[in-house]
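[1] Based on what follows, work out the 3D shape:
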Amino acid sequence: MMRQKFFFILLCILLPLGASAKELAAEANAVTPLLNGMKVPAVTLQFPDGSPVSLNALTMNKPAIILFYRGGWCPYCNRQFGELQTIENQLLELGYQILAISPQTPTALQSQELETEMKVQQLSDAKLDALREFGIGFYVDDATANKYASYNIPLTKDETGTPVLPAPGIFIVNQQGLIEFTYVNPDFKVRPSAKLILSVAEVLASER
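    Numbers count the residues shown, from 1 in each chain. Sure thing, here's the model as predicted:
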């Protein structure tokens, strides 16, 4: 009886630990992205109009290409979207939906529109839940935060008031919500080519 009680108490202690959210990384080089074969996290995001949406609901029964980007203010992000626009039709024909997640608020998504005509669904992760759960969010150092502030670029902050950014990444997810391809680079200036993304998307689509 005592042994059963011990294991029950131990289980009560361990369950909350397993359910806790992932921590934000101390720097970009310390991010730990989700790996292939892992499940898309159950997080709630917001459309640009502020209405909530479940990421699981969006990816249910429809494969997705999920892009994490820094914000509409980022020239490297806009350049990436411009390149991806050249393969947009092929991706849509393969059955993919394209989701773009940023830590910007819904209001910021509307005021700082992406410089692209892609049929991409922008989503706000202002609460930083997706950045945490996908393992790509990190704290911005003071010098960098001050530099962005001098350019009037507002960064989303966590509950401690520390600014946070994502290491830009792409996750290709199947219709069961499993991650099939991951590309994350701590150097925000380095992005995968559209040719690479299309090649991977074609191979994965052919195997379904």
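[2] Helices of the protein, residue ranges please.
    Per DSSP state H, the chain carries helices over the ranges 2-19, 55-59, 75-84, 88-93, 106-111, 129-133, 142-150, 194-206.
[3] who's in contact with the closest residue to F81 other than its chain neighbours?
    Sequence neighbours aside, T116 is the residue nearest to F81 in space, at 4.0 Å (criterion: Cβ to Cβ, 6 or more residues apart in numbering). Yep, even glycine has a C-beta here, placed from its N, CA and C like the rest. Counting by Cβ atoms under 8 Å, 6 or more residues apart in numbering, T116 touches 78, 81-82, 84-85.
[4] same deal with A126?
    A126 makes contacts with 46, 103-106, 156, as judged by Cβ under 8 Å, 6+ apart.
[5] Dump these to JSON lines, plus distance to G169, neighbour count and pLDDT.
    Below are these laid out as JSON lines (distance: Cβ to Cβ, whole Å; neighbours: other Cβ atoms under 10 Å; pLDDT from 0 to 100):
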{"residue": "Q46", "distance to G169": "20", "neighbour count": "18", "pLDDT": "98"}
{"residue": "P103", "distance to G169": "13", "neighbour count": "25", "pLDDT": "98"}
{"residue": "Q104", "distance to G169": "16", "neighbour count": "25", "pLDDT": "96"}
{"residue": "T105", "distance to G169": "20", "neighbour count": "18", "pLDDT": "95"}
{"residue": "P106", "distance to G169": "21", "neighbour count": "18", "pLDDT": "95"}
{"residue": "T156", "distance to G169": "17", "neighbour count": "22", "pLDDT": "97"}
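[6] any idea which of the residues you listed is closest to P186?
    Using Cβ to Cβ, P103 comes nearest to P186 of the contacts of A126, at 16.0 Å.
[7] any idea how far E93 is from that closest one?
    Distance, P103 to E93, by Cβ to Cβ, to the nearest Å: 31 Å.
[8] Disregarding residues adjacent in the polypeptide, which is nearest to V184?
    Excluding its sequence neighbours, the residue lying closest to V184 (Cβ to Cβ, 6+ apart) is G169, at 3.6 Å.
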